[in-house]
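> Quick one: sequence and predicted model below, then my questions.
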Amino acid sequence: MIAKNNVKDALSLYFISGTQDTDRDLHTVLEDALAGGITAFQYREKGAGSLTGKDKEQMARTLQKQCRQQNIPFIVNDDVDLALAIGADGVHVGQEDSRAEEVRLQIGPEMLLGVSAHTISEAEHALQSGADYIGVGPMYPTSTKSDAKDVCGPEMIASMRNANIDLPIVGIGGISAENAQEVIAGGADGISLISAISTANDPREKAAVLFHQILTAKQKR
Ligand SMILES: Nc1nc(C(F)(F)F)ncc1COP(=O)(O)OP(=O)(O)O
Ligand SMILES: [Mg+2]
């Protein structure tokens with residue numbers, strides 16, 4: 001289990017993907033992304049063509065092993081039962097998924113709990129529900145998530161900070177090497193991305209560029 005003492009650092013470059021997000025073998029994409037310096041991985045297997053049942057569990061276990069070898073947190077999206085079955089480091093739920101307070105009771109105090117938040121009140125509720133971090137977005141237009149809410153931009157993160165929400169925050173949605181620094185400047189502790197890495201010609205190089213940008217942006221703050 002990943003220690004919770006430096007969640008903010010662990011979320012700096014948070015790669016999210018499922019097999020549906022790449023034409024390549026996801027194991028290879030993850031290997032490259034890990035080599036490039038991602039600091040956390042979320043297995044988000046959903047949508048057209050995604051794995052289910054035993055195939056999904058088997059994929060989760062192999063990806064989890066890759067992360068464990070690099071001591072990188074392995075988070076499961078939505079599927080609390082799967083996260084518990086394989087002993088994942090955490091689980092991420094959105095507003096339309098299992099209620100965060102119930103998930104916290106199911107997973108206990110050790111596992112990381114991430115919650116999506118689009119407003120200050122959702123962020124405050126996530127905090128009260130025992131979330132270890134919140135995912136705020138979409139920062140920019142995204143084609144990856146068909147049911148994404150309206151773009152809220154890095155300004156939403158700044159307003160959450162102004163409302164004294166000091167939970168670890170990752171920005172998500174349409175983030176690329178071109179806009180990553182704005183998200184950190186807005187007050188995020190990290191960025192999470194799907195297609196910027198999962199569809200990159202060289203995921204290792206892309207992760208390395210993004211990691212450097214995040215470090216630079218954090219030093220400027
Ligand atoms: N999966 C996510 N991960 C993050 C993280 F903070 F980890 F970057 N933030 C937000 C989401 C979106 O979560 P949700 O609103 O439930 O939609 P979906 O289940 O389709 O991803
Ligand atoms: Mg969800």
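Great, that's in hand. Bear in mind that the values here come from a model prediction, so they are computed numbers and not experimental data. Ligands and ions are numbered 1, 2, ... in the order given.
> Identify the residue of this structure closest to ligand 2, quick one.
residue 94 (3.6 Å; CB to the ion). (C-beta placed from N, C-alpha, C; glycine too.)
> correct me, but that residue touches residue 116?
Yes: if you go by CB atoms under 8 Å, residue 94 and residue 116 touch, sitting 3.8 Å apart.
> Counting neighbours, what do you get for the residue of the chain closest to ligand 2?
19 (other CB atoms under 10 Å).
> Need phi/psi at residue 169.
The phi/psi pair for residue 169 (degrees, to the nearest 10) reads phi -120, psi 130.
> Now do the contacts for it.
Neighbouring residues of residue 169 by CB atoms under 8 Å, 6 or more residues apart in numbering: 133-136, 157, 160-161, 187-190.
> From ligand 1, how far out is it?
According to CB to the nearest ligand atom, to the nearest Å, residue 169 and ligand 1 sit 8 Å apart.
> excluding its backbone neighbours, what's nearest that residue?
Excluding its sequence neighbours, the residue lying closest to residue 169 (CB to CB, 6 or more residues apart in numbering) is residue 188, at 5.1 Å.
> Tell me who's in contact with that neighbour.
Contacts of residue 188 (CB under 8 Å, 6+ apart): 136, 154, 157, 169-171.
> Which of these fall within strands?
Of the positions in the contacts of residue 188, 136, 169-171 sit in strands, assigned by DSSP state E.
> Let me have these in CSV, adding distance to ligand 2 and pLDDT as columns.
Below are the ones in strands among the contacts of residue 188 laid out as CSV (distance: CB to the ion, whole Å; pLDDT from 0 to 100):
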residue, distance to ligand 2, pLDDT
136, 14, 98
169, 17, 98
170, 14, 98
171, 17, 98
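> Out of these, which comes closest to residue 50?
residue 170 (22.2 Å; CB to CB).
> Just to check, the closest one is in contact with residue 189?
Yes: with contact defined as CB under 8 Å, residue 170 counts as touching residue 189 (6.7 Å).
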